[in-house]
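**Student:** can't give you the sequence, but here's the structure:
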């Protein structure tokens with residue numbers, strides 16, 4: 001039934017392509033869309049057997065999309081100006097504002113675990129199934145040339161061949177039999193003590209430190225089932241899923257690095273944490289405790305003042321700076337503020353990204369390269385804490401890839417971190433990073449204690 005509907009939609013797109021081919025347009029990238037019946041995007045995604053799968057939804061839930069096949073792939077182990085210029089040149093040829101390039105950039109890199117996730121990797125998809133304003137659409141992105149119809153036939157034949165329409169849902173995504181921490185608890189205490197020595201020497205006032213929780217499963221992990229359950233519990237977060245050759249990086253990040261629309265940029269300050277409680281009075285108590293905590297407010301203000309300073313440099317003026325609020329997620333809550341400004345001219349998306357990232361929320365203050373973080377953590381973060389999102393010709397939206405999971409075969413790597421300041425207590429920070437990954441642990445029904 002779904003297969004027949006899908007083929008019908010592709011045939012209707014063909015009619016639109018034929019009409020496009022009659023139009024005279026300058027060379028570039030174009031897009032056609034067709035409204036379709038409501039569809040379960042993740043279920044449809046599970047039927048697709050191609051090597052690359054991308055799902056993305058921004059924190060405002062303005063849309064969610066599943067991207068299939070690559071019209072252009074931008075992939076590098078050398079994230080330099082030449083790489084950025086290639087993407088920016090293609091974007092300048094977009095003839096439709098809705099065309100998007102999805103991808104991410106590493107914080108740092110490990111060639112073993114992160115082999116499919118290099119320094120930078122972006123995809124301009126051929127097909128997308130997406131939801132916007134409670135309506136569902138199929139989109140086809142293409143290059144304007146003299147052979148539109150034959151190219152379309154080739155693309156739909158390839159697409160249809162990559163579906164298994166009889167796939168069975170798996171409600172048991174993973175069966176974990178052991179876990180390990182890196183760093184372990186004793187090393188974590190040592191790292192925080194080393195950070196405090198640096199604070200006392202006035203070299204830093206904040207260092208964000210992370211931990212990997214490695215989980216071992218008896219079977220290969222059904223990452224899409226896991227992701228489906230993850231986003232069902234997601235509140236006020238970006239949801240993203242990148243699968244390249246069976247290696248998966250997914251997450252539900254509450255932190256916006258930046259969003260640009262109509263030359264207005266916004267960025268989030270996010271720091272300080274308390275867990276949530278199902279009892280309303282207790283949850284409010286924890287919220288007020290967070291708002292009144294000197295340690296958490298100091299950590300938060302370091303992040304906010306840094307982002308304000310960067311946006312002040314990028315913008316002709318700060319439009320708004322929201323008051324400090326509490327952003328409530330499924331399992332934890334954070335201090336939060338949004339800053340908006342009107343951009344000066346002549347800044348590319350990559351210029352802005354390189355200036356803003358990494359903020360002290362995931363890096364250091366004063367800003368530094370990642371050497372001190374690697375020196376303390378002793379592992380490469382890969383895409384964890386890096387920018388992840390999309391670019392288009394008039395709008396871009398990137399999250400900070402926190403609350404994330406890397407899956408390779410039967411191994412899961414959960415990444416969580418905490419902002420360390422002079423007032424940090426190692427055991428409290430350890431508990432905080434446990435709370436931050438509790439969404440994943442609840443889904444797989446696994447206790448790390």
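**Tutor:** Looks like it arrived, so ask away. Since the structure is predicted, the reported quantities are computational estimates derived from the model, not experimental observations.

**Student:** Near residue 340, how many other residues are there?
**Tutor:** 16 (other CB atoms under 10 Å). (C-beta placed from N, C-alpha, C; glycine too.)

**Student:** Is it located within a helix, as I assumed?
**Tutor:** No: Residue 340 is assigned strand when assessed by DSSP: H, G, I helix; E, B strand; the rest coil, not a helix.

**Student:** pLDDT weak spots in this structure?
**Tutor:** 20-25, 109-112, 168-173, 369-370 (pLDDT under 70).

**Student:** ranges for the helices of it?
**Tutor:** 2-21, 41-47, 81-91, 148-161, 185-200, 223-232, 280-292, 294-314, 349-356, 371-377, 426-436, 438-444 (DSSP state H).

**Student:** need the contact list for the closest residue to residue 339 other than its chain neighbours.
**Tutor:** Residue nearest to residue 339 in three dimensions, not counting chain neighbours: residue 321, with 5.0 Å by CB to CB, 6 or more residues apart in numbering. Residue 321 is in contact with 308, 337-340, counting by CB atoms under 8 Å, 6 or more residues apart in numbering.

**Student:** Closest one to residue 180 out of those, please.
**Tutor:** Proximity of these to residue 180 (CB to CB) peaks at residue 337, which lies at 36.3 Å.

**Student:** what sits against the closest residue to the closest one other than its chain neighbours?
**Tutor:** Spatially, and ignoring its direct neighbours in sequence, residue 337 is nearest to residue 269 (4.6 Å; CB to CB, 6+ apart). Contact analysis of residue 269 by CB under 8 Å, 6+ apart lists 300, 303-304, 307, 335-339, 361.

**Student:** thinking again about what came up before, would you turn the helices of the chain into CSV with distance to residue 386 and mean neighbour count?
**Tutor:** Converted to CSV, the helices of the chain look like this (distance: least, CB to CB, whole Å; neighbours: other CB atoms under 10 Å):
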stretch, distance to residue 386, mean neighbour count
helix 2-21, 34, 14
helix 41-47, 23, 17
helix 81-91, 15, 15
helix 148-161, 30, 15
helix 185-200, 21, 16
helix 223-232, 19, 20
helix 280-292, 27, 13
helix 294-314, 17, 19
helix 349-356, 10, 18
helix 371-377, 13, 17
helix 426-436, 17, 18
helix 438-444, 19, 19
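
**Student:** Now distance to residue 245 too, for these, in CSV please.
**Tutor:** Converted to CSV, these look like this (distance: least, CB to CB, whole Å):
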stretch, distance to residue 245
helix 2-21, 24
helix 41-47, 16
helix 81-91, 21
helix 148-161, 17
helix 185-200, 32
helix 223-232, 13
helix 280-292, 41
helix 294-314, 36
helix 349-356, 26
helix 371-377, 27
helix 426-436, 28
helix 438-444, 23
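
**Student:** mind checking which of those helices is nearest residue 396?
**Tutor:** With CB to CB as the criterion, residue 396 lies closest to helix 349-356 of those, at 4.9 Å.

**Student:** Which stretch among the helices of the chain approaches residue 113 most closely?
**Tutor:** Closest of the helices of the chain to residue 113 is helix 371-377, at 14.0 Å (criterion: CB to CB).

**Student:** Pull the residues that contact that closest one.
**Tutor:** Contact with helix 371-377 is made by 108, 183, 191, 194-195, 198, 204, 207-210, 363-364, 380-381, as judged by CB under 8 Å, 6+ apart.

**Student:** who wins for most neighbours among those residues?
**Tutor:** residue 207 (27 neighbours).

**Student:** Pairing partners for that residue in the sheet, please.
**Tutor:** residue 364, residue 420 (DSSP bridges).

**Student:** Next: the one 4 residues further on.
**Tutor:** Beta-bridge pairing of residue 211 under DSSP bridges involves residue 416.

**Student:** Next up, the contacts around it.
**Tutor:** Residue 211 neighbours (CB under 8 Å, 6+ apart): 181-183, 188, 415-417, 433.

**Student:** how many neighbours does the residue nearest to residue 180 when sequence neighbours are not counted have?
**Tutor:** Nearest residue to residue 180, sequence neighbours excluded (CB to CB, 6+ apart): residue 214, at 4.9 Å. Neighbourhood size, residue 214 [other CB under 10 Å]: 15.

**Student:** Then residue 410?
**Tutor:** Neighbour count for residue 410, taken as other CB under 10 Å: 16.

**Student:** how is this protein carved up into domains?
**Tutor:** Domain segmentation of the chain under automatic domain parsing yields 2-161, 176-444.

**Student:** how far out from the middle of the chain is the last one?
**Tutor:** The chain centroid and the centroid of domain 176-444 are separated by 11 Å under CA atoms, centre = their mean, to the nearest Å.

**Student:** quick one on the thing from earlier: which pair in the contacts of residue 211 spans the largest distance?
**Tutor:** 188 and 415 (14.4 Å).

**Student:** in the sheet, who's paired with the residue nearest to residue 83 when sequence neighbours are not counted?
**Tutor:** Sequence neighbours aside, residue 76 is the residue nearest to residue 83 in space, at 4.7 Å (criterion: CB to CB, 6+ apart). On the basis of DSSP bridges, residue 76 is bridged to residue 120.

**Student:** got a list of what residue 76 touches?
**Tutor:** 83, 118-121.

**Student:** Could you give the bridge partners of the nearest residue in space to residue 311 that is not next to it in sequence?
**Tutor:** Leaving aside its sequence neighbours, residue 311 sits nearest to residue 341 (CB to CB, 6+ apart; 4.8 Å). Counting by DSSP bridges, residue 341 is bridged to residue 265, residue 318.

**Student:** Surely residue 341 and residue 312 touch.
**Tutor:** Yes: applying CB atoms under 8 Å as the test, residue 341 and residue 312 come out as touching, 7.4 Å apart.

**Student:** Touching both of the two, which residues are there?
**Tutor:** Listed as contacting both residue 341 and residue 312 by CB under 8 Å, 6+ apart are residue 318.
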